[in-house]
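Peer 1: Dropping a prediction and its sequence here:
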There are 2 protein chains.
Amino acid sequence: MMEYNVLPLARLVEQFERLPGIGKRTAQRLAYFVLQMSDGDAREFAAAIIEAHEKIKYCKVCKNLTDQDLCHVCRNSARDKSIICVVEDPRDVLALEKTGEFSGSFHVLHGVISPLNGVGPDQIYIKELLGRISAEPIKEVIMATNPTVEGEATAMYISKLLKPLGVKVTRLAYGIPVGGDLEYADEVTLSRALLGRNEI
Amino acid sequence: MMEYNVLPLARLVEQFERLPGIGKRTAQRLAYFVLQMSDGDAREFAAAIIEAHEKIKYCKVCKNLTDQDLCHVCRNSARDKSIICVVEDPRDVLALEKTGEFSGSFHVLHGVISPLNGVGPDQIYIKELLGRISAEPIKEVIMATNPTVEGEATAMYISKLLKPLGVKVTRLAYGIPVGGDLEYADEVTLSRALLGRNEI
């Protein structure tokens, strides 16, 4: 860090280096770019970080990101609340919403069960999903976790909890490329996967 | 943007998208990462942007970045002020400092002459370089602009201005890969280029 000889610059580079996928060179490039910004732009950037961090929280019902009590899906009375699509991450909600094929609601787990990483069923929002299912009449739960080993295992784990409750549990069809990441699937593939879903 | 349905998140993604080399996906990834930060970390990140932007300015003498009146090289009495190494960008100063081969001072042009991009000699810090040379006894000016067409042209332009003043003008040896970017040269190559410099 001392190579910069200018402490505020070193600090800014260090901040960028903490971001995922940002190496030393890129961090340097970004920091220099910020220095060239107008005062207004720099302040706007900083404010966006603070604002997003302060205002965004989890939806009380589905744990999706929102700046209100309920997310835009849970607030929307046109959405079918008796179908719940379970995803790992808020970005997966975005990806599924883009297909335009889904009119139900979501449930965001914020992770997958991963014993190797010390993530058990209690560290993700499974309890809250069960709570929704016992509180409301749910026709179907679509497991839309990633098609990875951990995503599959999490889907199986949850479906075993739900079956005794008499809920229909389905899984996205394997239109999604195995071993991939839901977030990067193209919209057509995701649409196919939604339409071709099968009961587990 | 509306796809996010959460304005503070959309704004943050947009801010990251403005950064050079950051596409939509990466901006999204970075924004979500910021949301997962602790409050303290997010505030620190925002503060680093503001602080760097407010405190960092150009050295009065050499136009390198600094948070004081003079940069760390110009402040250092051990550095040979009669040798000036002329570079395009503050990052080039970092790269040359890393070689440990150079004990002179720098002059940062903050750009190159580039008629196609509307950058003439007056838009970069050439006048200030001439000012230094007429004010102090300068033994040598090393042209360390990038080995690109524009970098070469700028080096030639400046050397033609300096020759009548009786200053020795040298150019980095072509140890640096032609068509490349000084910033990315490895330290050994940069050392060779410094040691093998030739009079223009």
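Peer 2: Here it is on my side, so go on. Numbers count the residues shown, from 1 in each chain, chains lettered A, B, ... in the order given.

Peer 1: can you pull out the helices in chain A?
Peer 2: For chain A, the helices defined by DSSP state H occupy A:7-17, A:24-36, A:39-55, A:72-75, A:90-99, A:126-135, A:149-162, A:187-195.

Peer 1: wait, does the second one make contact with chain B?
Peer 2: It refers to helix A:24-36. Yes. In this structure, helix A:24-36 sits against chain B according to Cβ under 8 Å from any Cβ of the partner chain; the contacting residues are A:Arg25, A:Thr26, A:Gln28, A:Arg29, A:Leu30, A:Ala31, A:Tyr32, A:Phe33, A:Val34, A:Leu35. All C-beta spots, glycine's among them, are computed from the backbone N, C-alpha and C.

Peer 1: Tell me the strands beside the biggest strand by length in chain A, with direction?
Peer 2: Taking residue count as the measure and DSSP state E as the definition, the longest strand of chain A comes out as strand A:80-87. Pairing partners of strand A:80-87, with direction, according to DSSP bridges: strand A:104-108 (parallel), strand A:140-143 (parallel).

Peer 1: what about chain A, any weak spots by pLDDT?
Peer 2: Segments of chain A classed as low confidence (criterion: pLDDT under 70) are A:1-4, A:174-180, A:192, A:198-199.

Peer 1: Just give me the residue right at the centre of it.
Peer 2: In chain A, the centroid-proximal residue (Cα atoms, centre = their mean) is A:Asp89; its distance is 1.7 Å.

Peer 1: Name the residues of the longest strand of chain A that are buried.
Peer 2: Of the residues in strand A:80-87, A:Lys81, A:Ile83, A:Ile84, A:Cys85, A:Val86, A:Val87 count as buried by neighbour count, 16 or more other Cβ atoms under 10 Å in any protein chain shown.

Peer 1: Could you do stretch A:48-66 as well?
Peer 2: Taking 16+ other Cβ under 10 Å as the neighbour-count basis, stretch A:48-66 is seen to contain the buried residues A:48-53, A:56, A:58-59, A:61-66.

Peer 1: filter those down to the ones close to chain B.
Peer 2: Residues shared between these and the neighbourhood of chain B are A:Ala48, A:Ile49, A:Ile50, A:Glu51, A:Ala52, A:His53, A:Ile56, A:Leu65, A:Thr66 [Cβ under 8 Å from any Cβ].

Peer 1: Output those as JSON lines; include the columns distance to A:Ala135.
Peer 2: Below are those laid out as JSON lines (distance: Cβ to Cβ, whole Å):
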{"residue": "A:Ala48", "distance to A:Ala135": "36"}
{"residue": "A:Ile49", "distance to A:Ala135": "36"}
{"residue": "A:Ile50", "distance to A:Ala135": "35"}
{"residue": "A:Glu51", "distance to A:Ala135": "33"}
{"residue": "A:Ala52", "distance to A:Ala135": "31"}
{"residue": "A:His53", "distance to A:Ala135": "31"}
{"residue": "A:Ile56", "distance to A:Ala135": "25"}
{"residue": "A:Leu65", "distance to A:Ala135": "22"}
{"residue": "A:Thr66", "distance to A:Ala135": "20"}
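
Peer 1: still on that earlier bit, ok, which pair from the buried residues of strand A:80-87 is furthest apart?
Peer 2: A:Lys81 and A:Val87 (16.1 Å; Cβ to Cβ).

Peer 1: any idea how far the closest residue to A:Lys139 other than its chain neighbours lies from A:Cys71?
Peer 2: What sits nearest to A:Lys139 in space, not counting adjacent residues and going by Cβ to Cβ, 6 or more residues apart in numbering or on different chains, is A:Ser82, at 4.3 Å. Distance, A:Ser82 to A:Cys71, using Cβ to Cβ, to the nearest Å: 17 Å.
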